[in-house]
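Asker: sequence and computational prediction follow.
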Amino acid sequence: MTKQILKIGALSLLSVCSSYATDIFSVSASSNGMNAYKGANNIETLLNSIGTTADIQSYLSSYTNTSAANLNVNFRGVPISFNYNTNSTTLYMSIPSIGINQSFTGTTREKSQDMLKDWFKKEGAGAVKSLMKKLAEASPADPIAGNPNSLMSQSVANSFNSGFGDVIKSKNYTQGSQKANAVGIAAQYFSLKQGDIESKKYALPLSYSIISDENPDRKYNILIPIAMTDIGGAKVADVGLGFSTNLPIAKNWILTPSIMYGATASVDLGSLGQVGTASVTSAYRLKVPGGQLGIGNMIGYTKTLKLYSGDYAYDPGISNIVYKNGLFYEVDTESYLPNTSIDFFASNTAFTGTKLYVNNYSEFGFSYGFTKVKQSVDTSKMSLADVAKTKVYEKISDLRMGASYLTSSKSKGFQVNFGYTF
């Protein structure tokens, strides 16, 4: 893991910024009066563009190992510059956004680059942490934190849903018909655009709930979210594990404390991280004309966690207190199709603490499906057709589909989802 972390941090800090199109990484280089640009959507291509003399000459033919050269890299939104003077082997590095200025002098320019790598392994380890923290603020493509598709934001969303969305939708469980436990499976597709970067997330949240015999509103939940994200061609994998408990405080009021762990990794983006989230969510429901209204309020604390490998520990130091509030309005559609409803919802998420690329965003959406879990009925006097219909409704009683729209000052996106509980 140490080797991966150092590759993510040390080797990747080689060049400065100029954002072009949808390139996640890019190099803008100049030497001997010639300018060139090289874009990349993975860190390996970036490193291959700024390494040896032959690497640089592959797109900047005027460059030699004795000429002056300026290499400017856009590292996922953070500018880094490297410069050589004429007939000099000294490599000058500058990362203005985190206050880093260093020089390395070897017997050749390649040796100077080796000195740079060694510096990051030792004295410069703190620069890796600072860079990763800055990426959460400056990059629309950071998989750890800073945007709605990041691991931190998704951990918050999953925590809120276990204490509000799932709670409100389960209000139709009634004594004599509740399930001893429930397994939930969902499929989600989330498309997000931030600046010129587009990301597409494919998620498969899995859940298991143990429902109390005494009170069906009291549940113990295990959540295992799994996701794969494509960010401008770069692949990111996420996995998590969460626990929550729905605690009825009054007839229409439920509190849900929860803890969530998540890990993310991307070879393409040069990113590796883990996040812990603890929260408490309040869900209040009441009858209103035409349906039911749900009010959800969450306060939580979320932070990155250290990655350990031998004597080396890595943590970008991102931490936030987060507030998420939502409204949910259910309208029965019994007159169109028995045992169905359509739900409308809105929510707002606000992060306070570490500066993020997006610290506040709102979502609006709806879902439609079968959500009524009816009391046991006597089928002995029913026709075969009615019995069959009753059995079908029981099997699909927790089948829902929906869509939502997300907006912020820097983000626009939409999500479609499908969920089933059995």
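Answerer: Good, I have the coordinates.
Asker: thought Gln102 was touching Met93?
Answerer: Yes. Contact criterion C-beta atoms under 8 Å: Gln102 and Met93 qualify, at 4.9 Å. Where you see a C-beta, it was placed from the backbone N, CA and C, and this is true even at glycine.
Asker: mind listing the shared neighbours of the two?
Answerer: Counting by C-beta atoms under 8 Å, 6 or more residues apart in numbering, the shared contacts of Gln102 and Met93 are Leu116.
Asker: between the two, who's got more neighbours?
Answerer: Between Gln102 and Met93, counting by other C-beta atoms under 10 Å, Met93 is the more crowded of the two (23 against 17).
Asker: now do the helix or strand hosting that one: distance to the chain's middle.
Answerer: Following DSSP states H and E, one finds Met93 within strand 90-95. Mean-position distance between strand 90-95 and its chain equals 33 Å (C-alpha atoms, centre = their mean, to the nearest Å).
Asker: that one pairs with which strands, and in what direction?
Answerer: The pairing partners recorded for strand 90-95 under DSSP bridges are strand 78-84 (antiparallel), strand 100-105 (antiparallel).
Asker: pLDDT below threshold where in the stretch 1-150 of the chain?
Answerer: Along the stretch 1-150 of the chain, the parts satisfying pLDDT under 70 run over 1-21.
Asker: also the stretch 251-400 of the chain?
Answerer: Low-confidence segments of the stretch 251-400 of the chain (pLDDT under 70): 309-313, 371-397.
Asker: all helices for the chain, in order.
Answerer: 2-6, 43-49, 53-57, 109-121, 125-138, 151-160, 166-169, 384-395 (DSSP state H).
Asker: buried residues in the longest one?
Answerer: Neighbour counts over helix 125-138 (16 or more other C-beta atoms under 10 Å) mark 125, 127-138 as buried.
Asker: just to revisit the earlier point, what angle separates the strand holding Met93 from helix 125-138?
Answerer: Here strand 90-95 points in a direction 40 degrees away from that of helix 125-138 (axes from the mean of the first three to the mean of the last three C-alpha atoms, to 10 degrees).
Asker: before we move on, back to that, closest to Gly232 out of the strands paired with strand 90-95?
Answerer: When the strands paired with strand 90-95 are compared by C-beta to C-beta, strand 78-84 sits nearest Gly232, at 15.8 Å.
Asker: and the contacts of that closest one?
Answerer: 13-17, 50, 67-73, 90-97, 109, 131, 134-135, 138-139.
Asker: now do stretch 99-111
Answerer: Contacts with stretch 99-111, where a contact means C-beta under 8 Å, 6+ apart, come from 52-53, 65, 84, 89-95, 112-116, 119, 124, 127, 130.
Asker: same deal with stretch 342-350?
Answerer: Here stretch 342-350 makes contact (C-beta under 8 Å, 6+ apart) with 148, 153, 156-157, 160, 165, 169, 296, 322-331, 333, 359-368, 402, 404.
Asker: and for Val288, nearest residue in space, chain neighbours not counted?
Answerer: Here the nearest residue to Val288 in space, its sequence neighbours aside, is Tyr329; by C-beta to C-beta, 6 or more residues apart in numbering that works out to 7.7 Å.
Asker: could you measure from the one you found over to Asn48?
Answerer: To Asn48, Tyr329 is 54 Å away according to C-beta to C-beta, to the nearest Å.
Asker: now Thr281: closest residue in space, sequence neighbours ignored.
Answerer: Nearest to Thr281 is Gly163, by C-beta to C-beta, 6+ apart, at 2.8 Å.
Asker: and that neighbour, how many neighbours?
Answerer: Other residues lying near Gly163 total 30 when counted by other C-beta under 10 Å.
Asker: how about Asp196?
Answerer: Here the number of neighbours of Asp196 (other C-beta under 10 Å) works out to 13.
Asker: the closest residue to Glu334 other than its chain neighbours bridge partners, please.
Answerer: Sequence neighbours aside, Thr340 is the residue nearest to Glu334 in space, at 7.0 Å (criterion: C-beta to C-beta, 6+ apart). Thr340 forms beta bridges with Phe370, as assigned by DSSP bridges.
Asker: try Tyr405
Answerer: Beta-bridge partners, per DSSP bridges, of Tyr405: Phe364, Phe414.
Asker: contacting residues around it?
Answerer: Counting by C-beta under 8 Å, 6+ apart, Tyr405 touches Glu363, Phe364, Gly365, Gly413, Phe414.
Asker: one step back: more neighbours: which of Tyr329 and Asn48?
Answerer: Using other C-beta under 10 Å, the more surrounded residue of Tyr329 and Asn48 is Tyr329, with 17 against 14.
Asker: distance of the more buried one from Ile342?
Answerer: Distance, Tyr329 to Ile342, using C-beta to C-beta: 9 Å.
Asker: ok, back up a step: and the pLDDT for the residue nearest to Thr281?
Answerer: What the model reports as pLDDT for Gly163 is 91.
Asker: tell me how far it lies from Pro316.
Answerer: Distance of Gly163 to Pro316, computed by C-beta to C-beta: 27 Å.
Asker: ok so, going back, of the contacts of stretch 342-350, buried ones?
Answerer: Looks like those have 148, 153, 156-157, 160, 165, 169, 296, 322-326, 328-330, 359, 361, 363, 365, 367-368, 402, 404 buried, using 16+ other C-beta under 10 Å.
Asker: picking up where we left off before, buried stuff in the strand holding Met93?
Answerer: Buried residues in strand 90-95, defined by neighbour count with 16+ other C-beta under 10 Å: Leu91, Tyr92, Met93, Ser94, Ile95.
Asker: residue contacts, the second one?
Answerer: In this case it means Tyr92. Taking C-beta under 8 Å, 6+ apart, we find Tyr92 in contact with Ser81, Phe82, Asn83, Tyr84, Asn101, Gln102, Ser103.
Asker: that one pairs with what?
Answerer: Tyr92 forms beta bridges with Asn83, Ser103, as assigned by DSSP bridges.
Asker: residue closest to the middle of this structure?
Answerer: Ranked by distance to the mean C-alpha position of the chain (C-alpha atoms, centre = their mean), the top residue is Ser150 at 2.1 Å.
Asker: you'd agree it is up against Ser139?
Answerer: No. If you go by C-beta under 8 Å, Ser150 and Ser139 don't touch, sitting 9.8 Å apart.
Asker: quick one, strands of the stretch 301-422 of the chain?
Answerer: Applying DSSP state E, counting those that start in this stretch to the stretch 301-422 of the chain gives strands spanning 307-309, 312-314, 319-332, 340-353, 360-370, 399-407, 411-421.
Asker: and the last one, how far from the chain's centre?
Answerer: Read that as strand 411-421. 14 Å.
Asker: brilliant, that's me finished.
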